[in-house]
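Peer 1: Sequence plus predicted model, see below.
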Amino acid sequence: MNFTGKEVFFDRDDLIVSKTDPQGRLTYVNHTFLEIAEYTEEECVGQQHNMIRNPNMPRAVFELLWKTIANGDEIFAYVVNATKSGGHYWVIAHVTPSIVNGQIVGYHSTRRVPNGETIRSTIMPLYDRLQSVEKSNSLKKDALAASVGALNDMLREKGVTYNEFISNLMKSD
């Protein structure tokens, strides 16, 4: 895909919703997801959710996200996604496991418009730093470990957990 750098926006009252199976394959996408990501339902359902992954999104954040939800916990995260035509859009995602009879049967994500100032002042510099750490390691495994380490170091410096960090940022959203 050729990334254009063009940012796409959606209405503050709209929610992007998707559901996946336990392996991350899309089982449901709402009309806002389709409109913003520029796909049809047929193109999405059955595909890996990472079909909308933007290469500027640090792998460390996804590592934390997947570990958290696989443990049965919910998470909030700022995410930059890619559109089919190469644009991008920012969201604040709330991802939860869907549990039936004590077993995770899938995941549910609801995304809304984040505060643009929070993205520019805090998230973009953090994600740029994590991306830089990832790019400085030639082996993918080492790159991910270094990026996760950098994220954990930042949280330790601030004296907060990831959820506390995000919660504090969302107060301005």
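Peer 2: Structure received.

Peer 1: which one is Glu74 nearest to, not counting chain neighbours?
Peer 2: Thr96 (4.3 Å; C-beta to C-beta, 6 or more residues apart in numbering). Where C-beta positions appear, they are placed from N, C-alpha and C, glycine not excepted.

Peer 1: where do the strands sit along this structure?
Peer 2: Along the chain, counting by DSSP state E, strands occupy 16-20, 26-29, 75-82, 88-100, 103-112.

Peer 1: in the shortest one, what's buried?
Peer 2: When burial is assessed from 16 or more other C-beta atoms under 10 Å, strand 26-29 yields the following buried residues: Leu26, Thr27, Val29.

Peer 1: Could you do the fourth one as well?
Peer 2: The neighbour-count criterion (16+ other C-beta under 10 Å) identifies His88, Tyr89, Trp90, Val91, Ile92, Ala93, His94, Val95, Thr96, Pro97, Ser98 as the buried residues of strand 88-100.

Peer 1: Could you do the last one as well?
Peer 2: Neighbour counts over strand 103-112 (16+ other C-beta under 10 Å) mark Gly106, Tyr107, His108, Ser109, Arg111, Arg112 as buried.

Peer 1: Now render the residues you listed as TSV, adding pLDDT and distance to Ser18.
Peer 2: Shown next, in TSV, are those (pLDDT from 0 to 100; distance: C-beta to C-beta, whole Å):
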residue	pLDDT	distance to Ser18
Gly106	97	10
Tyr107	98	9
His108	97	8
Ser109	97	5
Arg111	97	8
Arg112	97	13
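
Peer 1: Just give me the residue closest to the centre of the protein.
Peer 2: Val79 (3.6 Å; C-alpha atoms, centre = their mean).

Peer 1: Bridged to it, which residues?
Peer 2: Per DSSP bridges, residues listed as beta-bridge partners of Val79: Val91.

Peer 1: now, which of the buried residues of strand 103-112 sits nearest Arg129?
Peer 2: Arg111 (23.3 Å; C-beta to C-beta).

Peer 1: Hmm, His94 and that closest one touching each other?
Peer 2: Yes: Arg111 is within contact range of His94, at 7.4 Å (criterion: C-beta atoms under 8 Å).

Peer 1: Tabulate the buried residues of strand 88-100 (CSV), appending pLDDT and distance to Ile119.
Peer 2: Output for those, formatted as CSV (pLDDT from 0 to 100; distance: C-beta to C-beta, whole Å):
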residue, pLDDT, distance to Ile119
His88, 97, 11
Tyr89, 97, 11
Trp90, 97, 5
Val91, 98, 10
Ile92, 97, 9
Ala93, 97, 13
His94, 97, 17
Val95, 97, 18
Thr96, 97, 23
Pro97, 97, 26
Ser98, 96, 28
